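>>> Predicted model and sequence follow; I will ask about them next.
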Protein chains: 2
Amino acid sequence: MTNRPNVLWIMADQLRFDYLSCYGHPHLHTPHIDALAARGVQFNNAYVQSPVCGPSRMSAYTGRYVRSHGSTWNGMPLRVGEPTLGDHLRDAGARAVLVGKTHMTADVEGMAWLGIDPASEIGVRVSECGFEPFDRDDGLHPDSARQNWSNYDDYLLAHGYASDNPWEDFANSGLDEDGELLSAWLLKNSRLAANIPEEHSETAYMTNRAMEFMTDAAKGDAPWVCHLSYIKPHWPYIVPAPYHDMYDETHIIPPIRSLAEKETPHPLMQAYLGARVCKSFARDHVREHVIPAYMGLIKQLDDNLGRLFAWMDAQGLSDNTMIAFTSDHGDYMGDHWMGDKDFYHEMAVKVPLIISDPRPAADITRGQASDALVEMIDLAPTFMKALGCPDKPQVIEGRDLSPLLQGTVGFDRKYVISEHDYHWSDMARTLKQPQDQAHTTMIFDGRWKFIRCEGFDPVLFDLETDPDEVIDLGTSPADEHVATRARMEAALLKWATQHHTRITATPEVLARQKKAAETGILIGFWDESEYLEAVGKPFDALTPIGRN
Amino acid sequence: MTNRPNVLWIMADQLRFDYLSCYGHPHLHTPHIDALAARGVQFNNAYVQSPVCGPSRMSAYTGRYVRSHGSTWNGMPLRVGEPTLGDHLRDAGARAVLVGKTHMTADVEGMAWLGIDPASEIGVRVSECGFEPFDRDDGLHPDSARQNWSNYDDYLLAHGYASDNPWEDFANSGLDEDGELLSAWLLKNSRLAANIPEEHSETAYMTNRAMEFMTDAAKGDAPWVCHLSYIKPHWPYIVPAPYHDMYDETHIIPPIRSLAEKETPHPLMQAYLGARVCKSFARDHVREHVIPAYMGLIKQLDDNLGRLFAWMDAQGLSDNTMIAFTSDHGDYMGDHWMGDKDFYHEMAVKVPLIISDPRPAADITRGQASDALVEMIDLAPTFMKALGCPDKPQVIEGRDLSPLLQGTVGFDRKYVISEHDYHWSDMARTLKQPQDQAHTTMIFDGRWKFIRCEGFDPVLFDLETDPDEVIDLGTSPADEHVATRARMEAALLKWATQHHTRITATPEVLARQKKAAETGILIGFWDESEYLEAVGKPFDALTPIGRN
């Protein structure tokens, strides 16, 4: 073991925090993820910076808020020149390697404008949000703007799964009793077994690819962060045997919802409830059909992680590898009469986060849980710290979690922030909300969750008295609620007016400005004697002390 | 004349709005600028986006707020990839050419990271905030981090002004009766004649260079925006004969200040008053010495503009050239007991702005004044419109002024915004304010000027009842003031949470997202019949309607 470990950063897609046994699920047993928590720290209040794949991931990969990096929704290219974790690691002689999904869209126009060839080394890393791609797989092809074929498709073809779209026909479809191919895009087919043996599933494939990367990386000297990024349990909800048949209605935890929520007078919340995916998941038969498949996908993931961790143990890799496990956002699964994600209730915006740091300094916290408010953007600086990167406060907005891993003081956060840009959505069209004003911002202090909704009343939940978040206090006239809203708005204003884009304020630039200011800019001196008194040396116009 | 005019964009440096006769100065007659106003529109409420050179100019050159482009203070490099007016014009086949000052600092680190050679064509324009440099001259050399020699120095040498720093020794120094060289960095020397004949001054030189550019440009076909950017009347305050002796104490308008201001309990305002440049300009003898030189510099500028406009008339250029005249910020000159700029009283943050558009559509407004609230960032989209550039709402935050020039409806702004980052300053050191929290933001609605001061009480002025801005209502308990502060904070929050960085939301990206949303992302369908009902065609998994 060295003091500069490697990092295996595992991300599930659309995994709710509460669908793991270590986070309290009563029926979904995830012993391998639980075991990771037992040898690390389990974070009970980890929030993503946007409750949707693309912007959440761009925040994760940059260590910056959505408002800072500007990639506010899926398919919104991350601008060229936006610094990423991979760039910082490279500066420190380390690698950032991708195995799986990023949801990145390349800024083709920005590259062209700066004369960067997308096929060049710089062009490739700019196109992959700073990662060196070992295997990129965003799923959802063949008609995605991001990707229409993948190495996994090649893998399926090579294993005899003949199709012009093997990802869909085998990994994401099922067969009925008559042998008919049924698409998992339709929710009624979720309970079928996927048309592929588990060993050839995408989850198993990605797990294998991570092993191949680690085997390959062991030939070199550079430390690495490997982002192992699974596309499941994200829809299409379908899982290979035997996982398709492990769970049934009796294993489903009751929905978190109230009849009053359906009557909300809030136009935006009403628009959410009217969106197709919400109307669909508000139906019990949909929940009862989909949730067992969702649970099976998580169980399968846990088993694959067990396989991976055992292999790492056998290879002697575990002792020198920090392992982080998390998700890019959750899934409503019918809670609050909603489906998919895209808003800020706990099951959408809070994610599981477990970090196991093999270094002795972290021994003191093994098996502990932390209730600290943490953000997904904290991972980048945590990994940077572990791999010896210098701090970059002008760029990185997250905070190093090392103090929480090592049981020391120094981590402090009063609020977590999350943002959503719904310009694209059913809600924006229903409300006729202009695309530049269709956005919401959440600020949560551990008790009060305040959601600013541009153009509408805010939403406010008190998680102390209403942990299920079914009572919207956004317009409550009670003094406490009025005062809380004012306080949260002030905090949001403080946050929003911070420097989010002053990324060129490097230590060198700040030092130059500090020097000019400390010795005094050469203005405001009446005569030589004033100069002498202030500066402590005779005035000499030809060697002025600092002009700016 | 064509319908695609050229644009001569003249910028003075540190010119107060009220030191021109067309803006009401009783003693400083500026007939050539007045004449420009008489054939165009004079804007009486034009505000810069930061009351300091660098960030104000970066906003002018990008059409974006300071918080958006991130170059928050002088010497803070404008990040590579931040789109500029020049980039947009180039896309439309037009040129953006620099003659004079920009205060730009290149993002050397950003260029290196993206593999851009600073000497390449792209590197040069990235280093000059998008301009094609015909002549770059920021003044303030030889020890500036930005520039330590200029074409103007070469010009001076060629004309016999031998020195290793001719800019300083000739253009910015004077001679006393004994022939001793005295630096204009010391305010006591402001009344001397500059050690150079007017015809070789920097103002005259830059005027000549603009003529040379226009002569040169006439050989080509591309329309252009020429940014003629003078470094005066910015300090060092010294002007050649006869301008040094045109004005005296009798021509000085009385200072705008009150004794109560000196007793302000506001820590930040007290820190300003304690800064050297403010203490210096709070003294009447400094004002009386410097203001005549400042006035002389403006008079000299006006005469040079008269020379330039006459030349353009003679060359037949005037009929096809839109001319805009403005400044990057003002100068306190002792008002409010302050010197230099850096805060938000009218003489610092409001600038002269005159636009003369030769096209017939603008005939209706010639000689008119506009009281509309306009911002410096409005110039870029106005020029883009004139030169036929497509709108770029994902990038440009200013608003096209054409409706105001053409007397039509369509321009509407409720608030102007300005920002200041004082991390570098006397004030930050006095107050021990952390560098990431040393910032202020002004929002002004035409009556109420609200200044948010991070870490301190706000400042509030009511310009209707207190046009001199000497009564700070930032903590006034009066109901009207409490309500106004709440309203301005809400407006500021709305502004601050807007999309400032979503620059990759091109029409193509938005169209792709709109299409996916309108036809429906392929989630939430229970079965084929639901799909058929919603989408209007049979479900076919292999040709899904939009997956994202």
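That came through, no problem. Numbers count the residues shown, from 1 in each chain, chains lettered A, B, ... in the order given.

>>> mind giving me the domain split of chain A?
With domains defined by automatic domain parsing, chain A comprises A:13-413, A:515-541.

>>> residues touching residue A:273, list them.
By Cβ atoms under 8 Å, 6 or more residues apart in numbering or on different chains, the contact list for residue A:273 reads A:261-262, A:264, A:279, A:282, A:337-338. Backbone N, C-alpha and C define where each C-beta goes, glycine included.

>>> 10 Å instead?
Counting by Cβ atoms under 10 Å, 6 or more residues apart in numbering or on different chains, residue A:273 touches A:261-264, A:266, A:279, A:282, A:336-338, A:427.

>>> Restrict those to the buried ones and give me that as a ChimeraX selection.
To isolate the buried ones among these in ChimeraX, judged by 16 or more other Cβ atoms under 10 Å in any protein chain shown, type:
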select /A:261,264,266,279,282,336,337,338,427
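
>>> Can you lay out the contacts of residue A:273 as a markdown table showing pLDDT, distance to residue A:245 and secondary structure?
What follows is these, written out as a markdown table (pLDDT from 0 to 100; distance: Cβ to Cβ, whole Å; DSSP: H, G, I helix; E, B strand; the rest coil):
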| residue | pLDDT | distance to residue A:245 | secondary structure |
| --- | --- | --- | --- |
| A:261 | 96 | 33 | helix |
| A:262 | 95 | 33 | helix |
| A:263 | 95 | 38 | coil |
| A:264 | 96 | 38 | coil |
| A:266 | 98 | 40 | coil |
| A:279 | 95 | 28 | helix |
| A:282 | 97 | 26 | coil |
| A:336 | 98 | 29 | helix |
| A:337 | 98 | 28 | helix |
| A:338 | 97 | 27 | coil |
| A:427 | 91 | 36 | helix |
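
>>> Please identify which of the contacts of residue A:273 is nearest to chain B.
Nearest to chain B among the contacts of residue A:273: residue A:279, at 7.5 Å, using Cβ to the nearest Cβ.

>>> Residues of the stretch 201-350 of chain A that sit close to chain B?
Residues of the stretch 201-350 of chain A lying close to chain B (Cβ under 10 Å from any Cβ of the partner chain) are A:234-237, A:275-281, A:283, A:285-286, A:289-290, A:339-340.

>>> Narrow those residues to those in helices?
Under the assignment DSSP state H, these contribute A:276-281, A:285-286, A:289-290 to helices.

>>> Please indicate which of these are buried?
The buried subset of these (16+ other Cβ under 10 Å) comprises A:276-281, A:286, A:289-290.

>>> Chain neighbours aside, what residue packs nearest to the closest residue to chain B within the stretch 251-400 of chain A?
Going by Cβ to the nearest Cβ, chain B is nearest to residue A:277 of the stretch 251-400 of chain A, at 3.4 Å. Using Cβ to Cβ, 6 or more residues apart in numbering or on different chains and skipping the chain neighbours, the partner closest in space to residue A:277 is residue B:524 (3.4 Å).

>>> Residue A:29 too?
Using Cβ to Cβ, 6+ apart, the closest residue to residue A:29 is residue A:21 (4.8 Å).

>>> For the closest residue to chain B within the stretch 101-250 of chain A, give me its contacts.
Of all residues in the stretch 101-250 of chain A, residue A:183 sits closest to chain B, at 3.4 Å by Cβ to the nearest Cβ. Going by Cβ under 10 Å, 6+ apart, residue A:183 touches A:168-169, A:172-174, A:189, A:192, A:236, A:238, B:522, B:525, B:528, B:539-542, B:544.

>>> ok, the residue nearest to the spatial centre of chain A - contacts?
Geometric centre of chain A, nearest residue: residue A:328, 3.6 Å, by Cα atoms, centre = their mean. Residues near residue A:328 by Cβ under 10 Å, 6+ apart: A:11-15, A:48, A:50-57, A:59-60, A:101-103, A:229, A:234, A:341, A:351, A:376.

>>> switch the cut-off to 6 Å
Counting by Cβ atoms under 6 Å, 6 or more residues apart in numbering or on different chains, residue A:328 makes contact with A:13, A:53, A:56-57.

>>> quick one: which of those is nearest chain B?
residue A:53 (9.0 Å).

>>> Quick check: the closest one vs residue A:328, distance?
5 Å (Cβ to Cβ, to the nearest Å).

>>> Quick check: residues of the stretch 1-150 of chain A near chain B?
Near chain B, the residues belonging to the stretch 1-150 of chain A are A:70, A:72, A:74-77, A:79-81, A:107, A:110, A:115, A:122, A:140 when assessed by Cβ under 6 Å from any Cβ of the partner chain.

>>> give me phi/psi at residue A:464?
The phi and psi values for residue A:464, taken as degrees, to the nearest 10, are phi -80, psi -50.

>>> count of neighbours near it?
By the criterion of other Cβ atoms under 10 Å in any protein chain shown, residue A:464 has 9 neighbours.

>>> From residue A:379, how far out is it?
Remark: distance between residue A:464 and residue A:379 (Cβ to Cβ) = 28 Å.

>>> got a list of what the closest residue in space to residue A:444 that isn't next to it in sequence touches?
Spatial nearest neighbour of residue A:444, excluding adjacent residues (Cβ to Cβ, 6+ apart): residue A:416 at 5.2 Å. By Cβ under 6 Å, 6+ apart, the residues touching residue A:416 are A:47, A:373, A:375, A:444.

>>> What number of residues are in the vicinity of the closest residue to residue A:361 other than its chain neighbours?
Using Cβ to Cβ, 6+ apart and skipping residues adjacent in sequence, the residue nearest residue A:361 is residue A:406, 4.7 Å away. Residue A:406 has 18 neighbouring residues, counting by other Cβ under 10 Å.

>>> Likewise for residue A:171?
Around residue A:171 there are 27 residues (other Cβ under 10 Å).

>>> What's the local residue count around the closest residue to residue A:333 other than its chain neighbours?
The shortest distance from residue A:333 to any non-neighbouring residue, by Cβ to Cβ, 6+ apart, is to residue A:291 (5.9 Å). Residue A:291 is flanked by 25 other residues according to other Cβ under 10 Å.

>>> quick one on the thing from earlier: now the buried members of the contacts of residue A:183.
A:168-169, A:172-174, A:189, A:192, A:236, A:238, B:522, B:525, B:539, B:541, B:544.

>>> Select from the residues you listed every entry located in strands.
Among the buried ones among the contacts of residue A:183, the subset assigned to strands under DSSP state E consists of A:173-174.

>>> Just put the buried ones among the contacts of residue A:183 in JSON lines and tack on distance to residue A:91 and pLDDT.
Listed next are the buried ones among the contacts of residue A:183 as JSON lines, based on distance: Cβ to Cβ, whole Å; pLDDT from 0 to 100:
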{"residue": "A:168", "distance to residue A:91": "40", "pLDDT": "90"}
{"residue": "A:169", "distance to residue A:91": "44", "pLDDT": "92"}
{"residue": "A:172", "distance to residue A:91": "39", "pLDDT": "94"}
{"residue": "A:173", "distance to residue A:91": "45", "pLDDT": "94"}
{"residue": "A:174", "distance to residue A:91": "47", "pLDDT": "96"}
{"residue": "A:189", "distance to residue A:91": "48", "pLDDT": "96"}
{"residue": "A:192", "distance to residue A:91": "49", "pLDDT": "97"}
{"residue": "A:236", "distance to residue A:91": "39", "pLDDT": "93"}
{"residue": "A:238", "distance to residue A:91": "42", "pLDDT": "97"}
{"residue": "B:522", "distance to residue A:91": "41", "pLDDT": "75"}
{"residue": "B:525", "distance to residue A:91": "47", "pLDDT": "91"}
{"residue": "B:539", "distance to residue A:91": "50", "pLDDT": "85"}
{"residue": "B:541", "distance to residue A:91": "45", "pLDDT": "60"}
{"residue": "B:544", "distance to residue A:91": "41", "pLDDT": "46"}
